[in-house]
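> Predicted structure and sequence below. I'll ask about it afterward.
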Protein chains: 2
Amino acid sequence: MDERTALRMLAMDLPGAGDDAAVVDGTVITTDMLHETTDFPAGTTRYTAGWRAVGASLSDVAAMGAQATAAVAVYASPEFDEADLRAFLSGARDVCTAVDAEYVGGDLDGHEEFTVATTAIGDADDPVLRSGATPGDAVCVTGTLGRSAAALRFFDEGDAERGNDLFQFTPRVDAGVRLRDHATAMMDSSDGLARSLHQLAEASDCGFDVAFDRVPVDPAVDEVTNDAADRRECALHFGEDFELVFTVPDDRVDTVQSALDVDVTRIGTVTDSETGVVADGDPLPDRGFTHASE
Amino acid sequence: MDERTALRMLAMDLPGAGDDAAVVDGTVITTDMLHETTDFPAGTTRYTAGWRAVGASLSDVAAMGAQATAAVAVYASPEFDEADLRAFLSGARDVCTAVDAEYVGGDLDGHEEFTVATTAIGDADDPVLRSGATPGDAVCVTGTLGRSAAALRFFDEGDAERGNDLFQFTPRVDAGVRLRDHATAMMDSSDGLARSLHQLAEASDCGFDVAFDRVPVDPAVDEVTNDAADRRECALHFGEDFELVFTVPDDRVDTVQSALDVDVTRIGTVTDSETGVVADGDPLPDRGFTHASE
């Protein structure tokens, strides 16, 4: 089985596995693992690694419309350099502080490859699932897309400063909480906008009609791409961005745009499932960032 | 820094890092990582791996006197074999069921070495810390010690059935909850009884006077050891057992023995800190199972 097939199997078997986080008695919980070869390109500081690894789990809590309360991490590495570990902890703490959650520690593990496993928890009595999108709803995203794709190009070019800067994102916890009473379906964009739309479509049994020229492409993408196809790839498929992708009733778009501290862009409309996921009139491939292991 | 020094640094920096689990607003949370080279000897089934990895985190929740509510895991592997994954999930689910918690899924990660990161959460408004032992208290353990040391010998001898059987332990969640109103300090024995006593002594600023012949050595240890020193090593230092080590006021020993479903053995008495940790009149070395990375 490839990772995606195995994940589908998990989702069938476990009630909590079909959303960004599981829900148990009003507590949401989510866990992730990131590691050097696939997630931390050369030049990534340990501060950024701490920020990003913990931030990825906080983003999953945000995607449920939950208030993140705490996060933990396992720091696994062949050696424990004090400066590295302190930098990691600072990043982990700072991203928690940015969303009013508490970083409460974790564990260390001697491991050949630098690997981080993070878990975040949050409170939500009535979490937003992926399954409530209804034809006629607007589909929106927070912030901009393509940041991480652009970051990777900067790392590749040796501009670690830009790479690290773009790699540190604000998990949309505050936005998620404010969207809780409005959004009909929600998830984060970590698998890329295209796959997020397909996953929402599958969970909600709906389709989407989006326009690429409405997608808020991060300005950094324009710095690293020269042609339109590459730009589109960075914004729609690369993923590893942690924005919220959500649906709201058409007449609530203005309300949520003014209620949130982050930009909200309407990129299209929810359609029925027979239409599928369509961008600018053509089917949008259900394709995202492919891990090295797949 | 070696892992232990780094852990001390963590404990200084993070309020939650000095106990088996961190506490945030009445929720305890704890995370662990286990991996093939150090934790799953050849012959360990994926069912046992799921049971044991999730069980290790549930044990940390138990050690706080908290009711475990849920657990998650990241299953990281070079490939995702359906039978392996299903076996792992069954083990993870079964150990949760054994302690009335819910296994709510997790994530997959493509990873060179089979690695499992687990997190468990639980409820405790008034958790038991490591820091409340008082001279005159009794020091007790649940169950038996040396199971995992014996299991490793069975694995080495090619008797995987015995190894797997001994490797599956019942996390002492029920005992921990029942001990909450009685224990003055508590932790689990995963680092070995000797190091657990030293850690309790350090956190509580006390000493311990224990008698080795009172330590409940698992009968399996007698099957795999031929001399007294080896037997003692298995029971006191090897660790990787998940029993509770706790202190209670002297006059409560009978009460807790009858309140718990598991055997409780008094192995000694809490002394003042100047005495240190003493077994049979001699200082007990602060030495446990040493991970390959140390």
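Right, received. Where do you want to start? Numbers count the residues shown, from 1 in each chain, chains lettered A, B, ... in the order given.
> Need the pLDDT of A:L7.
In this model, A:L7 is scored at 72, pLDDT.
> Is it correct that it falls within a strand?
No - assessed with DSSP: H, G, I helix; E, B strand; the rest coil, A:L7 is helix; it does not lie in a strand.
> how close does it get to B:F88?
Distance, A:L7 to B:F88, using Cβ to Cβ, to the nearest Å: 14 Å. No exception for glycine: its C-beta is placed from N, CA and C like everyone else's.
> and the residue of the stretch 1-150 of chain A nearest chain B?
Minimum separation of the stretch 1-150 of chain A from chain B (Cβ to the nearest Cβ) falls at A:G110, amounting to 2.1 Å.
> Going along the chain, name the strands of the stretch 1-150 of chain A.
With DSSP state E, counting those that start in this stretch, the ranges of strands along the stretch 1-150 of chain A come out as A:22-24, A:27-35, A:67-77, A:102-110, A:115-123, A:138-142.
> now A:A62, nearest residue through space, not along the chain?
Distances taken as Cβ to Cβ, 6 or more residues apart in numbering or on different chains place A:G176 nearest to A:A62, at 3.6 Å, with adjacent residues excluded.
> for A:A76, same thing?
Counting by Cβ to Cβ, 6+ apart, A:A76 lies nearest to A:H111, which is 3.5 Å off, once chain neighbours are set aside.
> can you pull the contacts of the one you found?
Residues in contact with A:H111 (Cβ atoms under 8 Å, 6 or more residues apart in numbering or on different chains) are A:A76, A:S77, A:P78, B:M33, B:H35, B:E113, B:T115, B:S293.
> Quickly name whichever of those is closest to B:A133.
B:M33 (28.9 Å; Cβ to Cβ).
> okay, the contacts of A:H111 in a markdown table with neighbour count, pLDDT and distance to B:A194 next?
A markdown table is the format used below for the contacts of A:H111 (neighbours: other Cβ atoms under 10 Å in any protein chain shown; pLDDT from 0 to 100; distance: Cβ to Cβ, whole Å):
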| residue | neighbour count | pLDDT | distance to B:A194 |
| --- | --- | --- | --- |
| A:A76 | 23 | 94 | 25 |
| A:S77 | 23 | 94 | 27 |
| A:P78 | 10 | 93 | 27 |
| B:M33 | 28 | 94 | 23 |
| B:H35 | 23 | 92 | 24 |
| B:E113 | 16 | 91 | 29 |
| B:T115 | 29 | 96 | 28 |
| B:S293 | 18 | 35 | 20 |
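> and which of the residues you listed is nearest to A:M1?
B:T115 (17.7 Å).
> which residues touch that closest one?
Contacts for B:T115 (Cβ under 8 Å, 6+ apart) come out as A:M33, A:A76, A:H111, A:T115, B:M33, B:L34, B:H35, B:E36, B:V74, B:A76, B:S77, B:D109.
> likewise A:F246?
Going by Cβ under 8 Å, 6+ apart, A:F246 touches A:V128, A:V139, A:C140, A:V141, A:L179, A:A183, A:T184, A:A185, A:M186, A:M187.
> Out of those, which comes closest to A:A228?
The closest of the contacts of A:F246, once distances to A:A228 are taken by Cβ to Cβ, is A:V141, at 19.7 Å.
> The closest one against A:V264, yeah?
Yes - counting by Cβ atoms under 8 Å, A:V141 touches A:V264, with 7.5 Å between them.
> Compare these two (neighbour count), which wins?
Set A:V141 next to A:V264 and count neighbours by other Cβ atoms under 10 Å in any protein chain shown: A:V141 wins out with 26 against 22.
> on that earlier part again, just the strands of the stretch 1-150 of chain A: most buried one?
Counting by mean count of other Cβ atoms under 10 Å in any protein chain shown, strand A:115-123 has the highest mean neighbour count of the strands of the stretch 1-150 of chain A, with a mean of 29.
> partner strands of that strand, parallel or antiparallel?
Strand A:115-123 has its sheet partners listed here by DSSP bridges as strand A:27-35 (antiparallel), strand A:67-77 (antiparallel).
> Report the angle between the longest one and strand A:102-110.
Comparing the axes of strand A:67-77 and strand A:102-110 via axes from the mean of the first three to the mean of the last three Cα atoms, to 10 degrees yields an angle of 20 degrees.
> next one: strand A:67-77 to chain centre, how far?
From the chain centre to the centre of strand A:67-77 is a distance of 16 Å (Cα atoms, centre = their mean, to the nearest Å).
> Check stretch A:276-284 too.
22 Å.
> quick revisit: give me every residue that touches the residue nearest to A:A62.
For A:G176, the contact set (Cβ under 8 Å, 6+ apart) comprises A:V61, A:A62, A:A63, A:M64, A:G65, A:A66, A:V128, A:M186, A:L244.
> before we move on, the earlier item: most neighbours among the contacts of A:F246, please name it.
Neighbour max across the contacts of A:F246 (other Cβ under 10 Å) = A:M186, 31 neighbours.
> Which strand or helix spans the residue nearest to that residue when sequence neighbours are not counted?
Leaving aside its sequence neighbours, A:M186 sits nearest to A:F246 (Cβ to Cβ, 6+ apart; 3.9 Å). Per DSSP states H and E, A:F246 falls inside strand A:244-248.
> Any part of stretch A:44-53 near chain B?
No - contact between stretch A:44-53 and chain B is absent, the nearest approach being 11.3 Å (criterion: Cβ under 8 Å from any Cβ of the partner chain).
> what's in contact with that stretch?
A:32, A:34, A:39-40, A:73, A:84-85, A:87-95, A:114, A:116, A:118, A:155, A:160, A:163-164, A:167-169.
> State the pLDDT value of A:G288.
pLDDT, A:G288: 80.
> What's the local residue count around it?
What A:G288 shows, counting by other Cβ under 10 Å, is a neighbour count of 22.
> try A:S57
Close neighbours of A:S57, defined as other Cβ under 10 Å, add up to 31.
> Contact partners for it?
Residues counted as contacts of A:S57 (Cβ under 8 Å, 6+ apart) are A:T30, A:T31, A:D32, A:A71, A:T118, A:T119, A:A120.
> For the last one, name its beta-bridge partners.
Applying DSSP bridges to A:A120 yields these beta-bridge partners: A:T30, A:A71.
> Would you confirm that it contacts A:A66?
No - A:A120 is not in contact with A:A66 according to Cβ under 8 Å; the separation is 9.3 Å.
> shared neighbours of these two, anything?
Listed as contacting both A:A120 and A:A66 by Cβ under 8 Å, 6+ apart are A:A21.
> Can you give me the domain assignment for chain A?
What automatic domain parsing lists as the domains of chain A is A:3-123, A:138-283.
> So what's the gap between the shortest one and the chain middle?
For domain A:3-123, the distance between its averaged C-alpha position and the chain's averaged C-alpha position is 12 Å (Cα atoms, centre = their mean).
> how far does that domain stretch from start to finish?
Domain A:3-123 has its terminal residues 29 Å apart, counting by Cα to Cα, to the nearest Å.
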